[in-house]
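S.K.: sharing a model prediction with you, sequence too.
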Amino acid sequence: MSTIIQKSAVPDSKVFVVKRLEERHFDPTLHLHPEYQLFLVLEGMGTRIIGDSIKPFKAGDLVFTGPNLPHLWKNDESYFSKSNQAKTSGIVIYFPENFLGDIINLKVELENIRELFNKATRGLEIQGKTNRLVGRMMEELLRTEGVDSIILLLKILNTIANSADGHPITHVNYVPINNKAETDRMNKVYHYVMKKFRQKVSLEDVSDLVNMTPTSFSRYFKSRVNRPFSEFLKEVRIDYALKLLKENKISINQVSYESGYSTLSNFNKHFKEVTGKTPLNYRKEYLKIRGGKIS
């Protein structure tokens, strides 16, 4: 497995880079880079990991991350099948940490942007009206050049900075992964769990994978992800169950099995711990909003 530790996205000749991504799937490898990143998913779904946060993503997902905050958007397994016709697309903007130079720390007019950059160290998920407005502006930025493009980027940042629709992603006490050895280790864990979560996953197997004892690995993982490995595995499984429940194609018992649970009672217990609802109630509420029927 190849591991991308650090990407540099902005050449010295550019103030920033904006581009449309169109691939069969997004880069599934945990990585980081020294630039700020604003990323809008236009097409595709899967699981998003940013720092110590794991969450499902779909079209419309808009995230602003600060320099060297590890992240990945891992598409569902179907996107990696040769026979599948699904594809992904998105718009990404990169700009360097010194984008505005020393002036950002000196001028009162830029105070809101300075505060936004501080918040971006934890990552921001942008929702609501701001999500839709910024999404349209990012589409426009793809077609804008020269000084006009810099002005539009500043408008995008100002819109986010003046909005209450940006919500922190990582926990306040998150400890960043900041070296190659740690990134390699966490990549191995994430890839293994994403591939094997439907099966039995033991702490011993995962700790062997990264050449650690179960006790040492448990301590290490919790220090980096702010929760025990068992909780992380549970969140991955329930995240997958949520997608299956929304599709409404199979029974809840089958959803339980497909999500890696051997008993329905254990699935129900974990599902309620994560979502606060039973699988049946979750499906009913979702289908009521969508106007569908329960199968």
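M.R.: On my side now, so go ahead.

S.K.: where exactly do the strands run in the stretch 51-200 of the chain?
M.R.: Per DSSP state E, counting those that start in this stretch, the stretch 51-200 of the chain carries strands over the ranges 53-57, 62-65, 71-75, 88-95, 124-126, 166-168.

S.K.: how about those, which one is nearest residue 245?
M.R.: For these, the distance to residue 245 is smallest for strand 53-57, at 11.7 Å, taking C-beta to C-beta. Yep, even glycine has a C-beta here, placed from its N, CA and C like the rest.

S.K.: which secondary structure elements does the closest one contact?
M.R.: strand 46-50, helix 229-247 (3 or more C-beta pairs under 8 Å, 6 or more residues apart in numbering; DSSP states H and E).

S.K.: mean confidence for stretch 287-295?
M.R.: Across stretch 287-295, the average pLDDT comes to 69.

S.K.: which of the strands of the stretch 51-200 of the chain sits most buried?
M.R.: Mean neighbour count (mean count of other C-beta atoms under 10 Å) peaks for strand 62-65 among the strands of the stretch 51-200 of the chain, with a mean of 24.

S.K.: ok now it, how far from the chain's centre?
M.R.: Centroid separation for strand 62-65 versus its chain: 9 Å, with C-alpha atoms, centre = their mean, to the nearest Å.

S.K.: next: stretch 64-83.
M.R.: That offset, for stretch 64-83, works out to 7 Å (C-alpha atoms, centre = their mean).

S.K.: how long is that stretch end to end?
M.R.: Using C-alpha to C-alpha, to the nearest Å, one end of stretch 64-83 lies 33 Å from the other.

S.K.: what's the separation between residue 153 and residue 231?
M.R.: Using C-beta to C-beta, to the nearest Å, residue 153 is found at 38 Å from residue 231.

S.K.: so residue 29 sits in a strand?
M.R.: No: the assignment for residue 29 (DSSP: H, G, I helix; E, B strand; the rest coil) gives coil, which keeps it out of a strand.

S.K.: residue contacts, the residue most central in space within the chain?
M.R.: Nearest to the geometric centre of the chain sits residue 48, at 2.6 Å (C-alpha atoms, centre = their mean). When contacts are counted by C-beta atoms under 8 Å, 6 or more residues apart in numbering, residue 48 touches 54-57, 61, 63, 71-74.

S.K.: burial measure for the closest residue to residue 223 other than its chain neighbours, as a count.
M.R.: In this structure, residue 223 finds its nearest non-sequential neighbour in residue 175, 6.4 Å apart by C-beta to C-beta, 6 or more residues apart in numbering. Using other C-beta atoms under 10 Å, residue 175 has 14 neighbouring residues.

S.K.: from residue 257, how far out is residue 175?
M.R.: 36 Å.

S.K.: neighbour-wise, which of residue 153 and residue 231 wins?
M.R.: Counted by other C-beta under 10 Å, residue 153 and residue 231 do not tie: residue 153 has more neighbours, with 21 against 16.

S.K.: got the contact list for that one?
M.R.: 16, 18, 93, 95, 141.

S.K.: same thing with residue 74?
M.R.: 26, 28, 46-49, 190, 194.

S.K.: now those in JSON lines, with pLDDT and distance to residue 137?
M.R.: Formatted as JSON lines, the contacts of residue 74 follow (pLDDT from 0 to 100; distance: C-beta to C-beta, whole Å):
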{"residue": "26", "pLDDT": "90", "distance to residue 137": "22"}
{"residue": "28", "pLDDT": "85", "distance to residue 137": "28"}
{"residue": "46", "pLDDT": "90", "distance to residue 137": "25"}
{"residue": "47", "pLDDT": "89", "distance to residue 137": "27"}
{"residue": "48", "pLDDT": "91", "distance to residue 137": "22"}
{"residue": "49", "pLDDT": "91", "distance to residue 137": "26"}
{"residue": "190", "pLDDT": "90", "distance to residue 137": "32"}
{"residue": "194", "pLDDT": "89", "distance to residue 137": "33"}
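
S.K.: buried by neighbour count, from the residues you listed: which ones?
M.R.: Buried members of the contacts of residue 74, counted by 16 or more other C-beta atoms under 10 Å: 26, 28, 46-49, 190, 194.

S.K.: having no further points to raise, I will conclude here.
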